[in-house]
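*Asks:* Show me how the following folds:
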Amino acid sequence: MNAQLGLFWASVGLYGLGFLFAAWRLAGARPYRFWPKLAILLPAFLLHTAFLWEHGLAQGRCPVATVFETLVFVAWCIVGLHLAFAIFIRLNSLTVFVMPLVLLAMLAASAAGDRASARAGAHGVWLGAHAAVDELSFAAFALSGVASLMYLVQESQLRRRRLSASFMQLPPILRLQSLATWLFVGGFVLYSLGLAGGAVAGIVRKTELACADAKLVWAGGVWIYAFILAAGRVRGRLSGRRFAWLCLGGVIFIFATFALANAWSGFHRFGG
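*Replies:* Prediction:
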């Protein structure tokens, strides 16, 4: 356990260092190069991965069954997607907006406490896949919200014609608009697959579900909202600014109410 905690806090420390370095570069309107970023965040991500691996082995299941595990896993997915963008499309300045979210998730996980037990949920292929894919979709939604926030910051500066010194270090506004759109659409597809996996898991485990269950109502509402927003954006019926606001608001709602929906569920409680 001490070794696992060491991996956890070492990754948190490096994520904090990565954020401070990115903020320093952006505040001074200095170019944020790829290799210094990778030198800090890649070791942090590998330590994070090692922690999840060791924790999963200790519990004998996919580590996505408690509040602690969910927050740590979502943070891991966010960093993984962020690094993929940095490597393949070189969106380096995302770091200063992404890392606070990652640090918040990791510190919230630490505050929630690791109360996992070998009997906690997420046993079985379908149930583990359902939870893991759902949480990957939340990571995609989170990054879509980050891109939307960056878009709104730039759009506001352009509209008021007050460009900050760091403006030129941010990605082009149309690139951010496209990134937010396709991350949200990708998150919606993953979320749909996760819900399908959950339905199959319920059938396999012969779980009796109540249509009025808080988690099912919440999940259905999120799916409908995400479908309307994704379809409206892809069909061109939502402007970039309106989509960004709706996306950011939806992402905040998802993360603010997820734990409550689980707590009020009759069958879907963490660790149940």
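*Asks:* Okay, now the unreliable bits of this structure?
*Replies:* 1, 28-32, 115-127, 163-169, 201-212, 265-272 (pLDDT under 70).
*Asks:* Tell me which residues of the strand or helix carrying residue 156 come out buried.
*Replies:* According to DSSP states H and E, residue 156 maps onto helix 125-160. Buried residues in helix 125-160, counted by 16 or more other C-beta atoms under 10 Å: 126-155, 157. Placement of C-beta: from N, CA and C, glycine included.
*Asks:* hey, where'd the helices end up in the protein?
*Replies:* For the chain, the helices defined by DSSP state H cover 2-27, 34-59, 67-88, 95-112, 125-160, 173-204, 214-234, 240-264.
*Asks:* and the third one, what does it pack onto?
*Replies:* In terms of contacts (3 or more C-beta pairs under 8 Å, 6 or more residues apart in numbering; DSSP states H and E), helix 67-88 is packed against helix 34-59, helix 95-112, helix 125-160.
*Asks:* now the angle from the last one to helix 34-59?
*Replies:* This means helix 125-160. Helix 125-160 runs at 150 degrees relative to helix 34-59, counting by axes from the mean of the first three to the mean of the last three C-alpha atoms, to 10 degrees.
*Asks:* ok now helix 125-160, how far from the chain's centre?
*Replies:* Relative to the mean C-alpha coordinate of its chain, helix 125-160 is positioned 6 Å out (C-alpha atoms, centre = their mean, to the nearest Å).
*Asks:* do the same with the shortest one
*Replies:* Taking C-alpha atoms, centre = their mean, one finds the center of helix 95-112 at 10 Å from the center of the full chain.
*Asks:* Using CSV, list the CA coordinates for that helix.
*Replies:* Extracted in CSV, the C-alpha atoms of helix 95-112 (Å, rounded to 0.1, in the frame of the first residue of the first chain):
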residue,chain,number,x,y,z
THR,A,95,-1.7,21.7,-20.6
VAL,A,96,-2.3,24.9,-18.6
PHE,A,97,-6.1,24.3,-18.9
VAL,A,98,-6.1,20.5,-18.5
MET,A,99,-3.7,20.0,-15.6
PRO,A,100,-5.9,21.9,-13.0
LEU,A,101,-8.7,19.5,-13.9
VAL,A,102,-6.4,16.5,-13.5
LEU,A,103,-5.0,17.8,-10.2
LEU,A,104,-8.5,18.5,-8.9
ALA,A,105,-9.6,15.0,-9.7
MET,A,106,-6.6,13.4,-8.0
LEU,A,107,-6.8,15.6,-4.9
ALA,A,108,-10.6,14.9,-4.7
ALA,A,109,-9.8,11.2,-4.9
SER,A,110,-7.4,11.5,-2.1
ALA,A,111,-10.0,13.4,0.0
ALA,A,112,-12.6,10.7,-0.8
